[in-house]
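Visitor: Following is a predicted model, sequence given first.
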Amino acid sequence: MKKKTMLIHGGIPSDPHTGAVSYPIYQVSTYKQEAAGIHRGYEYSRTGNPTRHALEELIKDLEGGTRGFAFGSGMAAITAVMMLFQKGDHILITDDVYGGTFRIMTKVLNRFGLEASFIDTSNLEHIIKEIKPNTKAIFIETPTNPLLKITDIKATALIAKQHHLLTIVDNTFSTPYWQTPLSLGVDIVIHSATKYLGGHSDVVSGLVVVDRSDLGKELHFIQNATGGVLGPNDSWLLMRGMKTLGIRMEEHEQNTKEIVDFLIKHPFVEKVYYPGIEWHPNHLVAKKQATGFGGMVSFDVGSEEKADKLIKRLNYFTLAESLGAVESLISIPAKMTHASIPKERRDQLGITDGLIRISVGLEDIEDLLTDLSTALKE
């Protein structure tokens, strides 16, 4: 089954009881039991809900895993995955990682004795060098947020297996339409489904897919025990959004390519970050492990003052956090998504005060180019 077909017919596409082609919203908290402990597969909606289960089956099929899980946000999904580990365990994490991931590892989960090192996973030698006796997993974003750095997924997974580690990939930017990390040897895939999977800025959610039944059993225990589950209404909204993921991702990328060409040629733009550019670091790796380069692009205009001036002149790019929606969004990572990362650390990574991140939407490309052109004038 091809991806666009699977987006519509994967998982549990219709209601087996009524024939409804849109899987129903089971707005219910508890379920009648035939006898004590004997039920029809559902007993309490924290443990399992039919609408959520349909979503979990869909993302499982799309990523090619053994079991899927839906959480109330991307951060809830990451938190649940990190609860697979024990006090004293060490996790290697991509340095140019989403600010919320950095924050929870350094401000919350460290309180429980979970250790983390943030390294350049795009360099395989760095990964091998940083593995410690207590290292249990390698967590990578690829492409990263916001510098679009690329890590070789297959090579990283091989290193992990050689050292008996789990490999975890945040696949939010690429989505399973462009990239399927489990097929490259990864153990766990995470999504902030708020972004491209939902696609319409109307739902907050997180998804996880595992490739092994033992991981699935343990993660379901954590999901049920901690309770950060996605509600049925949001599960339904997410499934509805995912039906058009394929055509959206193709249009996002087409618009992005034209914007990247414009930015590369513009005299006021100092640097452009996009894995589809031939000179982008690890461009060939991105081309090998994914079938598309996505709809995210970052560029540097040189200073905070210039970035602020550009933002104020725009009409069709909405200044907002988040990404992956039908409307084009723009942000200054140093002040917004990555403000929780100390400035000294941001400077080391290259997340400057003049760095701008764009999530290219589905508007007419001529309007978007005109908007940027006007905003970039002196």
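Guide: Good, I have the coordinates. Residues are numbered from 1 along each chain as shown.
Visitor: number of nearby residues for residue 92?
Guide: 28 (other Cβ atoms under 10 Å). The way it works is simple: take the backbone N, C-alpha and C, and place the C-beta from them, glycine included.
Visitor: Once you drop chain neighbours, what's closest to it?
Guide: residue 138 (4.7 Å; Cβ to Cβ, 6 or more residues apart in numbering).
Visitor: any idea which helix or strand of this protein has the worst average confidence?
Guide: Between all helices and strands in the chain, the lowest mean by mean pLDDT, DSSP states H and E belongs to helix 343-349, at a mean of 87.
Visitor: quick revisit: name the SS class of the residue nearest to residue 92, please.
Guide: Secondary structure, DSSP: H, G, I helix; E, B strand; the rest coil: residue 138 is strand.
Visitor: Show the average pLDDT along stretch 316-335.
Guide: Stretch 316-335 shows a mean pLDDT of 95.
Visitor: what comes up buried for the least confident helix or strand of the chain?
Guide: By neighbour count on 16 or more other Cβ atoms under 10 Å, the buried set for helix 343-349 is 346, 349.
Visitor: Just the C-alphas of that helix, formatted as CSV.
Guide: C-alpha atoms of helix 343-349 as CSV (Å, rounded to 0.1, in the frame of the first residue of the first chain):
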residue,chain,number,x,y,z
LYS,A,343,22.4,32.3,25.3
GLU,A,344,25.9,31.1,25.7
ARG,A,345,24.7,27.6,24.5
ARG,A,346,22.7,29.1,21.7
ASP,A,347,25.7,31.1,20.5
GLN,A,348,27.8,27.9,20.5
LEU,A,349,25.2,26.1,18.3
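Visitor: ok, and what's touching it?
Guide: The contact list for helix 343-349 (Cβ atoms under 8 Å, 6 or more residues apart in numbering) reads 95-96, 147, 334, 338, 341, 352.
Visitor: Put the alpha carbons of stretch 180-197 into CSV.
Guide: Output in CSV follows, covering the C-alpha atoms of stretch 180-197 (Å, rounded to 0.1, in the frame of the first residue of the first chain):
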residue,chain,number,x,y,z
THR,A,180,10.5,6.2,8.2
PRO,A,181,13.3,5.7,10.8
LEU,A,182,12.1,2.3,12.0
SER,A,183,12.9,0.9,8.5
LEU,A,184,16.5,2.2,9.1
GLY,A,185,17.0,0.2,12.3
VAL,A,186,15.6,2.7,14.9
ASP,A,187,13.7,1.4,18.0
ILE,A,188,11.4,4.3,18.8
VAL,A,189,10.0,7.2,16.8
ILE,A,190,8.4,10.3,18.3
HIS,A,191,6.2,13.0,16.8
SER,A,192,4.9,16.3,17.9
ALA,A,193,1.7,15.6,16.0
THR,A,194,0.7,19.1,16.7
LYS,A,195,2.8,20.0,13.7
TYR,A,196,2.6,18.5,10.2
LEU,A,197,0.5,15.4,11.1
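Visitor: what's the average pLDDT for it?
Guide: 98.
Visitor: mean confidence for stretch 221-241?
Guide: The model assigns stretch 221-241 a mean pLDDT of 98.
Visitor: Buried residues in it, which are they?
Guide: With the criterion 16+ other Cβ under 10 Å, stretch 221-241 contains buried residues 222-223, 228-232, 234-241.
Visitor: Which pair of the residues you listed spans the longest distance?
Guide: Largest separation among the buried residues of stretch 221-241 by Cβ to Cβ: 222 and 240, giving 27.4 Å.
Visitor: per-domain residue ranges of the chain.
Guide: Using automatic domain parsing, the domain parsing of the chain gives 3-242, 246-375.
Visitor: Where do the strands of this structure begin and end?
Guide: 67-71, 90-94, 115-119, 135-141, 166-170, 188-192, 206-210, 271-273, 296-300, 318-319, 329-331, 355-359 (DSSP state E).
Visitor: could the ones you listed go into JSON lines alongside distance to residue 158?
Guide: Shown next, in JSON lines, are the strands of the chain (distance: least, Cβ to Cβ, whole Å):
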{"stretch": "strand 67-71", "distance to residue 158": "23"}
{"stretch": "strand 90-94", "distance to residue 158": "15"}
{"stretch": "strand 115-119", "distance to residue 158": "17"}
{"stretch": "strand 135-141", "distance to residue 158": "11"}
{"stretch": "strand 166-170", "distance to residue 158": "9"}
{"stretch": "strand 188-192", "distance to residue 158": "16"}
{"stretch": "strand 206-210", "distance to residue 158": "19"}
{"stretch": "strand 271-273", "distance to residue 158": "27"}
{"stretch": "strand 296-300", "distance to residue 158": "27"}
{"stretch": "strand 318-319", "distance to residue 158": "41"}
{"stretch": "strand 329-331", "distance to residue 158": "35"}
{"stretch": "strand 355-359", "distance to residue 158": "31"}
